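S.K.: Generate a structure from the sequence data that follows.
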Amino acid sequence: MNQQEILAAVIATIQAIAPEVEGDALVAGKPLRSQVDLDSMDWLNVIIGLHQRFKVDIPEADYAQLSSLDAIVGYLVARLR
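M.R.: Residues are numbered from 1 along each chain as shown. Below is the predicted model of the structure:
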């Protein structure tokens, strides 16, 4: 999977939890929580969705690293090697 495919899959995962999110409107380097109205349960469901889609373990200690689309894609790229 290349970075564009990972980005598209991340956006699809977010939209599965919050269908009102417009993927094209998301700014890659801006914190997601300020762009998308997700409560803590929704955010946890996004993390679980990423785990299921990519088969990558994401320990709770790493959750803070996943603050933006760029950060999530970088995190996943590093773990999918």
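
S.K.: Going by C-alpha atoms from here, please, whenever you check contacts or count neighbours.
M.R.: OK.

S.K.: can you pull out the helices in the chain?
M.R.: In the chain, the segments counted as helices under DSSP state H are 3-17, 32-35, 40-54, 69-79.

S.K.: By mean pLDDT, show me the worst of these.
M.R.: Ranked by mean pLDDT, these bottom out at helix 32-35, with a mean of 90.

S.K.: Tell me which of the helices of the chain lies nearest to Asp62.
M.R.: With Cα to Cα as the criterion, Asp62 lies closest to helix 69-79 of the helices of the chain, at 9.3 Å.

S.K.: show me the contacts for the spatially most central residue of the chain.
M.R.: Nearest residue to the geometric centre of the chain (Cα atoms, centre = their mean): Val10, 4.7 Å. By Cα atoms under 8 Å, 6 or more residues apart in numbering, Val10 lies in contact with Leu50, Leu69, Ile72, Val73.

S.K.: Now neighbour count and distance to Ala28 too, for the residues you listed, in JSON lines please.
M.R.: Shown next, in JSON lines, are those (neighbours: other Cα atoms under 10 Å; distance: Cα to Cα, whole Å):
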{"residue": "Leu50", "neighbour count": "21", "distance to Ala28": "17"}
{"residue": "Leu69", "neighbour count": "20", "distance to Ala28": "5"}
{"residue": "Ile72", "neighbour count": "21", "distance to Ala28": "10"}
{"residue": "Val73", "neighbour count": "22", "distance to Ala28": "9"}
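
S.K.: Format these as CSV; extra columns: distance to Arg33.
M.R.: Below are those laid out as CSV (distance: Cα to Cα, whole Å):
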residue, distance to Arg33
Leu50, 16
Leu69, 11
Ile72, 13
Val73, 16
